[in-house]
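Undergrad: 3D, please:
(chains A and B)
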Amino acid sequence: MFPIVSWMVFSPLIGAFLILFFGDKNEKQCKRIVLIAIISSLISFLFSLVIFMNFQSSPKMQFVENLKWIESLGVSYRVGLDGISFPLILLTTFLTPIVLLFSWDDIKKRIRLYYFSMLLLETAMLGVFVSLDFFLFYVFWEAMLIPMYFIIGIWGGKKRIYSAMKFFLYTMTGSVLMLIAILWLYFATGFGTFNILVFLNSPVDPLLQTWLFAAFAIAFAIKVPMFPFHTWLPDAHVEAPTAGSVILAGVLLKMGTYGFIRLAIPLFPEAAVEFSPLLIFLSLVGIIYGALMAMVQKDAKKLVAYSSISHLGFVMFGLFSFNLLALGGSVLQMVNHGICSGLLFLTVGMLYRRRHTRFMDDFGGIAKVMPAFSVFFVIAVFSSIGLPGLNGFVGEFAILSGSFQSHFFPTLIATIGVVLSAVYMLPMVQKVIFGKIKFEANRVLSDLNLREWFVLVPMIFLVFLLGIYPKPILKIIEPSTKSLLLKIKGRKLLVKKRNIKKLRLVISEIAPRRGY
Amino acid sequence: MEFVFPAIFWKSFLPVPILTFGAVLVLLFDVFTSEKKRQTTFWLSIIVLLFTLVSCLLSEGESSEISFGGMYLFDGFTRSLFVIILFSSFIVVLMSSVERRFEQNSYGDFLGLILFATLGMMLMVSTRNLVMIFIALEIFSLSLYVLAGIFRSSSIGNEASLKYFLLGSFASGFLLFGIALIYGSTGSTDLFDIIKFYELSTQKLVFFLGLSLVIVGLGFKIGAFPFYMWTPDVYQGSPTVVTAFMSVGPKAAAFAALFRILISTSNFSGNKLEMMFWIMAALTMTAGNLIAIWQNNIKRMLAYSSIAHAGYLLIALVTIKQAGPLSTGSFLFYLLVYSFMNIGAFLVVTLAIKEDGSERILIDDFSGLGLNRSGLAISMAIFMVGLAGIPPTGGFVAKFYIFSAAIKSGFIWLSVIAVLNSVISVFYYFRIIVVMYMKDMSEDEKKEQFRFVWGSGLSYAVIALVICVVGTLGMGIFPSFFVDFALNSSISLN
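TA: Below is the predicted model of the structure:
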């Protein structure tokens, strides 16, 4: 069988190494590098489309590849995808060529290193979504940080070094704790393998689960980011170059929620249920807090960054209400948020490119000078607010109507967040697009150029497609979420029937002893 | 009484005589030739090291072979350590070819001393006799004292040498006194016999006093808390080549001795020693990492980082009782990867000399390296990422093994301390990356252009650098072969 998943993951990497052989001294050479980068990411996108054509609507892992790696520890190179990871893979392969194209006009220094890092980042991100082995997963998970660190730290704004370091330290603190949990899981269960599927199919003893879930949850919660761990996000988003922000908001944040739905919840369902009140509470705090913070921002990019915290709160809320509709809505919302926050960052980036400011008060009346841009901008904002007919609506609506059945009051609070999103988003439209032209500099702004059309049109197309006809993607998601939910529900019954005394005996043997 | 001559396994003993005669040959050759023959001495020592390496790869390490009644013991553990020590010496010799500051004939002395120090380290890892441990330790320590001050005109070099000598002699004194006490209480210096005689001993307190003094002496050599005070000064003052040499081999040797001592005494010392090393490991890495954050001098920073890495290696030592082969395996693998990364980092420091020939001493001096000398900068970035333990470098796999050994033995909290420490370490390792790539450069630095002169010794150092980079990355992506090699290198006493 043709190893199509590996080809999809590693074709950007091949492109990255190709780039190293070309110089970036003059304009012509630079153009060549950008072209290679875009082509190699497009190849990856093509592979993912081929997978899309052949994807079967079933909860099973598909396109699984398995190679030996470090046998003595039970580590193997095992990749595959299912209905939960595949939408996010499509999102990644779709967004990367777009942001690479966008960077054409944006990045002026160290072109080679920039595109090298971007392609490296794409491979690592895809790797996280496809890996079915803990070791492999962790390698990609951490390897992803390095190119992102470079992208923020070299091509970012004024406070870039501080922000890059903060981003790195926060994420790494979480992930090293996860590493400990992975190793603990490995030795406590005694399977002798790091194959994730083996762990997913065999229950972990509930008494072990609490700590392990906590370690995983902290790692993922930092990445999402959930409320008390969110402080790295505004810094990183604001300082990163536009392309970095798009990838950060579009894909990297989804790693956290993906981690919850792929690992933390199905591996430790009892602990997940036990912790769910706390996590729902934190996600509600995130929804309201993010919205309130967004409301008072003057910097458009910061506003979008805080809106991400609020939107990701919805996703987390949907995950932990353990309801089929809400769970499906969460996965869909991950994709939707990737598109609409990406779109917002891109449009804000286009404004910044022209005026070198992101303060909303510096604009006004843009609709008159940049009509095409304004249309796209308004659509992006409406999609973020969740206007019916656009993509943002479908996911949010599914989450809220699903969770409404089981969590009445939390849903009520979350709904306030939907209202608030209009409260902070619409003033931005008003300040930037409408009104009189206050500054002379704004009078001469040029409308979109050809490259920017190419960047925005595919995104807007998806906004409408997913808003009006989300069925193809729902067909991918649904079987997986259904089987996941069945598994969690089934496990709950299983635990009750168990003989607790016998369980304790088992635990005392396998659980690591309390040491100094 | 009839004298029975102890058994000698010549095949496994071969590396030692080869290296001894090779070292003497290098010294003699240097005496009888003129300054112009520098190249020949260099090649001679390379050949000696390669021969020794081949001879120890040829001997099988599956079962242990005991020669000279326990004075020389060759098992899988010994063999792997031989390879690591010889490899680090090999890289250091390659690296030394770029150093231009050797006076008159001191280059030959330098190579001879490197070879003798290598010999001492090899003897130390291949014995179960405490007296032999002491003699081996003195062989390499004395060589290192001289090496630290090999540039006679450098005042900080002399300071480093003297400091190292004074403090080192104290440590040797402790070690020797400890050995004497152990001998006094059990009547033997052979670890194998000590296990047997311990039960009969009436002076158990004296025995433990001796044991702790031995640990103090060896703890000094690995730079463990609280015996690490000499490290930064000596690392800073010594020539960078010597510092690179010092940061791997002596640690390997002292750790090997600790491993053998801990294994043999673990049966009757209960958990006490384990607990002591637990605390030592936690404090060593925390102290190393926290102090490293505040350093501005690159060599001092790397010195504290090497203290921190000694702390991680101590974790492997703590787990020896419960994790068995995983413990020694993770130790060996970590040491191998560490030697790639750490020597590599020092290599970059040596190669990154400014146009006027002076070394970049401060971390801030590395500013702009990413633009002017991208090859060096990218190598340095890889080493830093590796030392911080981030995939896809070998540093990650090495840490992964150490932590697996710790968690398998139930030391959850120790591994939590260790991983948090590796987060702290990111802070100072990445400072170099920040300086090289992210800081805005001054006008002078933009102008600075480096002309790469192939030949003139530089090419050997570049080869060494390539080996280190490939090793660091290769161990992270295809670690399987070396992992199995390390896991199969079992340690034995009898």
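Undergrad: quick one: the strands in the stretch 151-300 of chain A?
TA: With DSSP state E, counting those that start in this stretch applied, the stretch 151-300 of chain A shows no strands anywhere along its length.
Undergrad: nearest to chain B: which residue in it?
TA: Of all residues in the stretch 151-300 of chain A, the one sitting closest to chain B is residue A:176 (3.6 Å; CB to the nearest CB). Every residue, glycine included, has its C-beta placed from N, CA and C.
Undergrad: show the backbone phi and psi for residue A:80.
TA: Dihedral angles of residue A:80 (phi, psi; degrees, to the nearest 10) stand at phi 180, psi 170.
Undergrad: no wait, residue A:70
TA: Taking degrees, to the nearest 10, you get phi -120, psi 90 for the backbone angles of residue A:70.
Undergrad: what sits against the nearest residue to it once chain neighbours are set aside?
TA: By the measure of CB to CB, 6 or more residues apart in numbering or on different chains, the closest residue to residue A:70 outside its immediate chain neighbours is residue B:480, 4.8 Å from it. The neighbourhood of residue B:480, defined by CB atoms under 8 Å, 6 or more residues apart in numbering or on different chains, consists of A:68, A:69, A:70, A:71, A:72.
Undergrad: circling back: list the contacts of the residue of the stretch 151-300 of chain A closest to chain B.
TA: In this structure, residue A:176 makes contact with B:419, B:420, B:422, B:423, judged by CB under 8 Å, 6+ apart.
Undergrad: what about the closest residue to the third one other than its chain neighbours, neighbour count?
TA: For residue B:422, ignoring the flanking residues on the chain, the nearest one in space by CB to CB, 6+ apart is residue B:389 at 4.7 Å. The criterion is other CB atoms under 10 Å in any protein chain shown. On that basis, residue B:389 has 32 neighbouring residues.
Undergrad: before we move on, the earlier item: and the contacts of residue A:176 as TSV, adding distance to residue A:79, neighbour count and pLDDT?
TA: Rendered in TSV, the data for these read as follows (distance: CB to CB, whole Å; neighbours: other CB atoms under 10 Å in any protein chain shown; pLDDT from 0 to 100):
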residue	distance to residue A:79	neighbour count	pLDDT
B:419	26	20	92
B:420	31	18	92
B:422	27	25	92
B:423	28	21	92
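Undergrad: let me know the pLDDT of the residue nearest to residue B:422.
TA: Residue B:389 carries a pLDDT score of 90 in this model.
Undergrad: hang on, isn't it packed against residue B:397?
TA: No: using CB atoms under 8 Å, residue B:389 makes no contact with residue B:397, being 9.1 Å away.
Undergrad: picking up where we left off before, pick the one among the contacts of residue A:176 closest to chain A.
TA: Set against chain A, the nearest of the contacts of residue A:176 by CB to the nearest CB is residue B:419 (3.6 Å).
Undergrad: which SSE is the closest one in?
TA: Taking DSSP states H and E as the criterion, the element that holds residue B:419 is helix B:412-433.
Undergrad: of all of the stretch 51-200 of chain B, which residue lies closest to chain A?
TA: residue B:76 (14.5 Å).
Undergrad: for residue B:12, see how far away that residue is.
TA: Distance from residue B:76 to residue B:12, counting by CB to CB, to the nearest Å: 11 Å.
Undergrad: shared neighbours of these two, which are they?
TA: Common contacts of residue B:76 and residue B:12, defined by CB under 8 Å, 6+ apart, are absent altogether.
Undergrad: pull the longest helix from the chain.
TA: Here I'm looking at chain A. For chain A, the helix with the greatest residue count under DSSP state H is helix A:324-355.
Undergrad: you answered for a different chain; I wanted chain B.
TA: Ranked by residue count and defined by DSSP H, the top helix of chain B is helix B:155-186.
Undergrad: give the other helices and strands that the very next helix or strand once past that one contacts.
TA: Going down the chain from helix B:155-186, the next helix or strand is helix B:191-198, by DSSP H and E. Packing partners of helix B:191-198 (3 or more CB pairs under 8 Å, 6 or more residues apart in numbering or on different chains; DSSP states H and E): helix B:155-186, helix B:249-265.
Undergrad: if you average pLDDT per helix and strand, which one of the chain comes out bottom?
TA: If you meant another chain, say so; for now it's chain A. helix A:500-510 (a mean of 49; mean pLDDT, DSSP states H and E).
Undergrad: my bad, the chain I had in mind was chain B
TA: Confidence across the helices and strands of chain B bottoms out at helix B:443-447, with a mean of 60, counting by mean pLDDT, DSSP H and E.
Undergrad: do you know how far the most centrally placed residue in chain A is from residue A:335?
TA: The residue lying closest to the centre of chain A (CA atoms, centre = their mean) is residue A:254, at 2.1 Å. According to CB to CB, residue A:254 stands 8 Å off from residue A:335.
Undergrad: quick check: neighbours shared by these two?
TA: When contacts are counted by CB under 8 Å, 6+ apart, residue A:254 and residue A:335 are jointly contacted by A:88, A:91.
Undergrad: deepest in the core, which of the helices and strands packed on helix B:191-198 is it.
TA: Between these, helix B:249-265 has the highest mean count of neighbours, a mean of 24, where neighbours are mean count of other CB atoms under 10 Å in any protein chain shown.
Undergrad: just the CA coordinates of that helix, formatted as CSV?
TA: Output in CSV follows, covering the C-alpha atoms of helix B:249-265 (Å, rounded to 0.1, in the frame of the first residue of the first chain):
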residue,chain,number,x,y,z
GLY,B,249,35.5,11.7,30.3
PRO,B,250,36.2,12.3,34.0
LYS,B,251,32.4,12.3,34.6
ALA,B,252,32.1,9.0,32.8
ALA,B,253,34.9,7.5,34.9
ALA,B,254,33.7,8.7,38.3
PHE,B,255,30.2,7.6,37.5
ALA,B,256,31.3,4.2,36.5
ALA,B,257,33.1,3.8,39.8
LEU,B,258,30.0,5.0,41.6
PHE,B,259,27.8,2.5,39.7
ARG,B,260,30.0,-0.4,40.7
ILE,B,261,30.2,0.7,44.3
LEU,B,262,26.5,1.2,44.6
ILE,B,263,25.6,-2.1,43.1
SER,B,264,27.9,-4.0,45.4
THR,B,265,26.8,-2.2,48.5
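Undergrad: centre of the chain versus that helix, how much separation?
TA: 12 Å (CA atoms, centre = their mean, to the nearest Å).
Undergrad: ok and that helix relative to helix B:191-198, angle-wise?
TA: On the basis of axes from the mean of the first three to the mean of the last three CA atoms, to 10 degrees, helix B:249-265 is oriented at 30 degrees to helix B:191-198.
Undergrad: mind listing what the spatially most central residue of chain B touches?
TA: For chain B, the residue whose C-alpha lies nearest the mean C-alpha position (CA atoms, centre = their mean) is residue B:248; its distance is 1.7 Å. Neighbour list for residue B:248: B:84, B:85, B:88, B:335, B:338, B:339, B:342, B:343 [criterion: CB under 8 Å, 6+ apart].
Undergrad: out of the residues you listed, which sit inside strands?
TA: Among the contacts of residue B:248, none falls in strands (DSSP state E).
Undergrad: quick one: which of those residues is most hemmed in?
TA: residue B:85 (30 neighbours).
Undergrad: residues contacting that residue?
TA: Contact partners of residue B:85, counting by CB under 8 Å, 6+ apart, are B:118, B:121, B:122, B:125, B:248, B:249, B:252, B:253.
Undergrad: list just the nearest of those to residue A:13.
TA: Lowest distance from residue A:13 to these (CB to CB) belongs to residue B:248, with 31.8 Å.
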